[in-house]
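Student: Fold the following, please.
(one chain, ligands or ions: 2)
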Amino acid sequence: MDLFSTSENENILPFEGEARYYGSIMNLEKSQYYFDRLLNYIEWENDKAIIFGKLVITKRKVAWYGDKAFDYTYSKTTKSGLPWTKELLELKSIVENKTGETFNSCLLNLYHNGDEGMGWHSDGEKDLKINGAIGSLSFGAERKFLFKHKKTKQTVEVYLEKGSLLVMKGETQTHWLHRLPPTKKVKFPRINLTFRTIDL
Ligand SMILES: O=C(O)CCC(=O)C(=O)O
Ligand SMILES: [Fe+2]
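Tutor: Ligands and ions are numbered 1, 2, ... in the order given. Next up, the predicted model:
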């Protein structure tokens with residue numbers, strides 16, 4: 001929060017990218033409110049991905065919202081966006097004000113517990129604006145998030161607490177992978193929102 005702003009905005013990547021962890025950007029009551037609203041009012045669906053040529057249906061649930069019903073190709077499957085909800089517009093504006101960036105879409109992930117995670121990837125899908133910022137908001141259970149440099153394999157870890165904001169920008173997606181590792185320690189759900197800019 002703003003009281004502890006000395007390390008706020010520090011780039012946590014050592015080179016070839018920019019990832020800024022703001023910590024929690026809202027109070028606990030607000031982050032609990034948004035967690036509940038998102039859990040109950042988002043149209044969650046199991047994700048489908050094509051991995052090594054096979055259709056895989058994940059336990060993790062996803063949803064896709066945006067400025068208009070555009071199609072977006074992600075993990076080799078195509079999704080179409082739903083119109084923004086009230087809460088998503090509020091959160092988009094909070095993230096835009098904090099970062100000075102603008103976004104036209106949001107991918108949401110619901111991890112029911114620590115068994116669910118996301119493997120190494122970068123968000124460089126062809127529909128995304130090149131080097132555009134991605135604003136990642138987290139609610140619910142705190143989880144570890146990792147970056148790994150594509151060439152040097154150097155890793156950087158950060159714990160994403162409830163109500164927190166992580167911004168990835170610049171060359172991050174070109175040079176770094178990221179992942180949300182599964183963990184036996186976490187028994188509670190987590191919701192993550194990544195605000196993005198799609199080239200329309
Ligand atoms: O859940 C997270 O923190 C990361 C999600 C992610 O990397 C993505 O949706 O591309
Ligand atoms: Fe990602």
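Student: ok, which residues in this structure are in contact with ligand 1?
Tutor: Within the chain, the positions adjacent to ligand 1 are 107, 109, 118, 123, 136, 145, 160, 178, 180, 192, 194 by C-beta under 6 Å from any ligand atom. Quick note: C-beta positions are derived from backbone N, CA and C, even for glycine.
Student: Go through the residues you listed and name the one nearest ligand 1.
Tutor: residue 192 (3.4 Å; C-beta to the nearest ligand atom).
Student: quick one, what contacts the closest one?
Tutor: Residues in contact with residue 192, defined by C-beta atoms under 8 Å, 6 or more residues apart in numbering, are 108, 109, 111, 136, 137, 138, 139, 160, 180.
Student: sorry, back to before: of the residues of the chain next to ligand 1, buried ones?
Tutor: Burial by neighbour count, judged by 16 or more other C-beta atoms under 10 Å, picks out 107, 109, 118, 123, 136, 145, 160, 178, 180, 192, 194 from the residues of the chain next to ligand 1.
Student: host element of the nearest residue to the fifth one once chain neighbours are set aside?
Tutor: Looking back up the chat, that one is residue 136. Among residues not flanking residue 136 along the chain, residue 166 sits closest, at 4.4 Å (C-beta to C-beta, 6 or more residues apart in numbering). Using DSSP states H and E, residue 166 maps to strand 164-169.
Student: which one is residue 157 nearest to, not counting chain neighbours?
Tutor: Closest residue to residue 157 apart from its sequence neighbours, by C-beta to C-beta, 6+ apart: residue 146 at 5.1 Å.
Student: Could you list the low-pLDDT ranges of the chain?
Tutor: Within the chain, the ranges that satisfy pLDDT under 70 run 1-8, 69-70, 74-77, 126, 200.
Student: Which stretches in it count as strands?
Tutor: For the chain, applying DSSP state E gives strands covering 18-24, 45-51, 54-66, 71-74, 77-80, 82-83, 105-111, 118-121, 134-140, 143-149, 155-160, 164-169, 176-180, 190-196.
Student: just these: most buried one?
Tutor: Mean neighbours per residue, mean count of other C-beta atoms under 10 Å, is largest over those for strand 134-140, with a mean of 25.
Student: outside of it, which residues touch it?
Tutor: Residues contacting strand 134-140 (C-beta under 8 Å, 6+ apart): 31, 34-35, 38, 91, 95-96, 98-99, 101, 103, 123, 160-169, 173, 188-196.
Student: Stretch 151-160 now?
Tutor: Applying C-beta under 8 Å, 6+ apart, the external contacts of stretch 151-160 come out as 12-14, 19, 21, 136, 138, 142-149, 166, 175, 192.
Student: ok, 6 Å please
Tutor: Here stretch 151-160 makes contact (C-beta atoms under 6 Å, 6 or more residues apart in numbering) with 12, 21, 138, 142, 143, 144, 145, 146, 147, 148.
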